[in-house]
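>>> next one to model:
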Amino acid sequence: MAPKSQTASSSSPLNIPKETNLLTIPSEAEANPRYKCFVRFLNTSYRRQALTLNPTLYIDVLEGFWRTVLVSTMAREDGTSFQEVSCSIGGKHFQFGEKEINEALGFKVEGHDQEATDAQIVDFMTFILYADEIDTGKLNKKFVRREWSFLFDALQKVFLCRKTGWDHISHIAVKLAYSLANNQEINVGAIILKELAQRLGRTVRGRGNDIFYPRFLQVILNFLDANIHELEGIDKTKMAYSKSMSKVIFGSLDTRNQVDVILSVTKHMHDTFESYPLDKPIYHELSWTGEAKTEGAAQSNPSLPIPSSNPLQTQL
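Residues are numbered from 1 along each chain as shown. The predicted structure is shown next:
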């Protein structure tokens, strides 16, 4: 049973923000031509379930979670610690950690790659030709190519517990983009759990009335109990649905992001794009080690924009 501090605010109205934990664009058919490969790249990646799963949101279930949830930090025998989430919904107790989050959202549960370091983030932003001083705490989408702006925007609006401030590129978004671009599988469940724990705080009063991660939470709770909406006291007629990123975003990107640099993609992205039956974007085919194609190959592609003096923009 939840402590009194958790139930004292049970009458406060809760809200499911429409600006957070969005669905990605379901098909490249909805995307402007320059973004089609990037949309498909996201939706065929190992994160596709987290990006596209669209469960019915049962309002009573999500409110029951938000009103009773506690996050506990516990120690392992080796001295490290881990977090677990516990809650009570419809008279039933639920508990989960990063393992269950990974399982529910289709991620691997062990053998993860390491998250990018700050030095690797700087290298990565340099590689994609970030057009301003690279301060990892003050990155902004207006300084990257439109295609990369779309990728960062999509990752943030799916994986961050926030409703505003989307122009700022968060550490999480860069780490997620870095791992995708380099075909690495980091522990996304741990990232989600940390975000959720920070948003929940220690008490109900501190967490506010906005239910963040509604789509993820419903997927996780459905994973723990497929009939959770049938529990006692749950009105299953009270439903909501996740908002999808709209194709309107592309017009906004084309208008706002006029960074005049060559599109750089990693070797993994290049190889993946080449397998798509889609028109390919014109990009700078550099591997992550910075190896460029020969100048002769560049001359065979006269449609490629003329690069600046930046050495990373060596013509293909």
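
>>> how about residue 200, nearest residue that isn't a chain neighbour?
The shortest distance from residue 200 to any residue that is not its chain neighbour, by C-beta to C-beta, 6 or more residues apart in numbering, is 5.0 Å, and that residue is residue 207. Bear in mind the C-beta positions are built from the backbone N, C-alpha and C, glycine included.

>>> my guess is the one you found contacts residue 199, does it?
Yes. Counting by C-beta atoms under 8 Å, a contact exists between residue 207 and residue 199, whose distance comes to 6.4 Å.

>>> residue 112: what secondary structure?
With DSSP: H, G, I helix; E, B strand; the rest coil as the basis, the three-state label of residue 112 is coil.

>>> is it true that it touches residue 185?
Yes. With contact defined as C-beta under 8 Å, residue 112 reaches residue 185; the gap is 5.9 Å.

>>> any idea how far residue 58 lies from residue 98?
As judged by C-beta to C-beta, to the nearest Å, residue 58 and residue 98 stand 24 Å apart.

>>> those two - which one has more neighbours?
Here residue 58 and residue 98 are set side by side on neighbour count (other C-beta atoms under 10 Å), and the busier one is residue 58, at 25 against 21.

>>> next up, the contacts around the closest residue to the more buried one other than its chain neighbours.
Beyond its immediate neighbours in the sequence, the residue positioned closest to residue 58 (C-beta to C-beta, 6+ apart) is residue 229, lying 4.6 Å away. Contacts here follow C-beta atoms under 8 Å, 6 or more residues apart in numbering; on that basis residue 229 touches 56, 58, 60, 61, 236.

>>> inside strands: which ones of the residues you listed?
When DSSP state E is applied, those are split such that residue 58 fall in strands.

>>> list just the nearest of the contacts of residue 229 to residue 178.
When those are compared for distance to residue 178, the smallest value, 33.3 Å, is given by residue 56; criterion: C-beta to C-beta.

>>> so the closest one is in contact with residue 218, correct?
Yes. With contact defined as C-beta under 8 Å, residue 56 and residue 218 form a contacting pair (7.5 Å).

>>> where does the chain have low pLDDT?
Regions of the chain meeting the criterion pLDDT under 70 cover residues 1-11, 247-248, 251, 254-255, 257-258, 284-316.

>>> tell me where it has helices.
In the chain, helices defined by DSSP state H lie at 4-7, 36-43, 48-52, 59-68, 98-104, 118-127, 146-159, 171-181, 188-200, 204-207, 214-224, 248-256, 267-274, 295-299, listed in chain order.

>>> next, count neighbours for the closest residue to residue 108 other than its chain neighbours.
Using C-beta to C-beta, 6+ apart and skipping residues adjacent in sequence, the residue nearest residue 108 is residue 185, 5.7 Å away. A total of 16 residues lie near residue 185 under the criterion other C-beta under 10 Å.

>>> picking up where we left off before, and the furthest pair within the contacts of residue 229?
Of all pairs drawn from the contacts of residue 229, the widest gap by C-beta to C-beta lies between 56 and 60 and measures 12.0 Å.

>>> more crowded one of those two?
Per other C-beta under 10 Å, whichever of residue 56 and residue 60 has more neighbours is residue 60, with 19 against 13.
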